[in-house]
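**Q** I need the structure of the sequence given here:
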Amino acid sequence: MQIPKRNQLQRYKKKTTYRKKTGSKHIYTENNLYLCSMISKNKLKYIHSLEQKKNRHKEGIFIAEGIKIVNELLCAGFIPRCLIGTELWFDSIQHKISCETEKIIVSEDELRKASFLQHPQQVMGLFSIPNHNDLLSDDYYRNNLCLVLDNVQDPGNLGTIIRIADWFGITTIICSRETVDAYSPKVVQATMGSIARVRIIYTDLNSLLSSLPSDTPVYGTLLDGENIYSTALSENGLIIMGNEGNGISASIRPLINRKLLIPPYPAETNTAESLNVAIATAITVAEFRRRNG
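**A** I've put the predicted structure just below:
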């Protein structure tokens, strides 16, 4: 490894700079900022282990990659456990980073070894998974519109739905325990930073829906529903979206008190059998906001 010259380190220096030799590489340390050309094997192994759900939840850590997503999380007040980025990214950052955050400057080649992306984008952050699993009060559903996801399996669909919720001002999504993990790298990437502003709650949907007051609007998109463009829509309540292949679960359907249908056009002709769940979510939420916005 080529050792950086003293003047190259000067801009990062706040206190005494010292040189620590570990194996075959040298690391320069100033206030928990490490300048190196290699990420240790143990660090790489740890990062890659977070691709698995069990390890993410055991450690309470998720990974975000790319300038936009990391910056969105920082703006929302997320405190990273670790930031791994190029010198270019650290030079351009405008957010104050906690002194407790481990900061590692690496080359693009080293970042590529750690990244889950085909084309890494200057920075990777390790963030704490928010503790959002406390159920909301009944009053919340009386005053807000929430999305409920019943066994959505595709990471891209969940990420897109989170992004849709963010766009339309829905701040809470309630997921069945069988729904894909919102903090998997693929889902986080698909949200394009919206995961920073949307609360994700995992719970047993049957128990939740059964416990609601009878006058709480519970909408669901079903083939025997009322035309969404002509039926009344409230400003509050829950909108249930189902699994990609099977729709809303049989056990959940009886708990829906307001059935909706997104009609094909024209109604008399053969069209696609169904809509992608993310597209159906966008159409449904847009109509709610159009009526009540």
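**Q** And the strands in the stretch 151-293 of the chain?
**A** Taking DSSP state E, counting those that start in this stretch to define them, one finds strands in the stretch 151-293 of the chain at 172-176, 199-203, 218-227, 237-241, 258-261.
**Q** Those: which one's closest to Arg163?
**A** Each of the strands of the stretch 151-293 of the chain was checked against Arg163 via Cβ to Cβ, and the shortest separation belongs to strand 172-176, namely 11.0 Å. To be clear about C-beta, it is placed using only N, CA and C from the backbone, and glycine gets the same treatment.
**Q** what's the average pLDDT for that closest one?
**A** Mean pLDDT, computed over strand 172-176, is 97.
**Q** Give me the sheet partners of it and which way each runs.
**A** According to DSSP bridges, strand 172-176 forms sheet pairs with strand 145-149 (parallel), strand 199-203 (parallel).
**Q** Out of these, which gets nearest to Lys43?
**A** Distance to Lys43, taken as Cβ to Cβ, is lowest for strand 199-203 among those, at 27.3 Å.
**Q** which residues are contacting that closest one?
**A** With Cβ atoms under 8 Å, 6 or more residues apart in numbering as the test, strand 199-203 has contacts from 130, 132-136, 162, 171-177, 179, 182.
**Q** Please pick the buried ones from those residues.
**A** Buried by 16 or more other Cβ atoms under 10 Å: Ile162, Thr172, Ile173, Ile174, Cys175, Ser176, Thr179, Ala182, out of the contacts of strand 199-203.
**Q** Distance of the nearest residue to Asn143 once chain neighbours are set aside relative to Phe168?
**A** With Cβ to Cβ, 6 or more residues apart in numbering as the criterion, Asn143 has its nearest non-adjacent residue at 5.8 Å, and that residue is Asn236. In this structure, Asn236 and Phe168 are 14 Å apart, going by Cβ to Cβ, to the nearest Å.
**Q** And for Thr281?
**A** Noted for Thr281: a distance of 10 Å to Phe168, by Cβ to Cβ.
**Q** who's more crowded, those two?
**A** A side-by-side neighbour count of Thr281 and Phe168, using other Cβ atoms under 10 Å, places Thr281 first with 25 against 18.
**Q** average pLDDT across the helix or strand harbouring Glu110?
**A** If you go by DSSP states H and E, Glu110 is part of helix 108-114. Here the mean pLDDT over helix 108-114 is 91, rounded to a whole number.
**Q** Check stretch 68-76 too.
**A** Mean pLDDT, computed over stretch 68-76, is 95.
**Q** Contacts for that stretch, please.
**A** Applying Cβ under 8 Å, 6+ apart, the contact partners of stretch 68-76 are 64, 80, 83, 95, 97, 123-125, 127, 188-189, 191-197.
**Q** Now, of those residues, which are buried?
**A** The neighbour-count test (16+ other Cβ under 10 Å) applied to these identifies 64, 80, 83, 123-125, 127, 188-189, 191-197 as buried.
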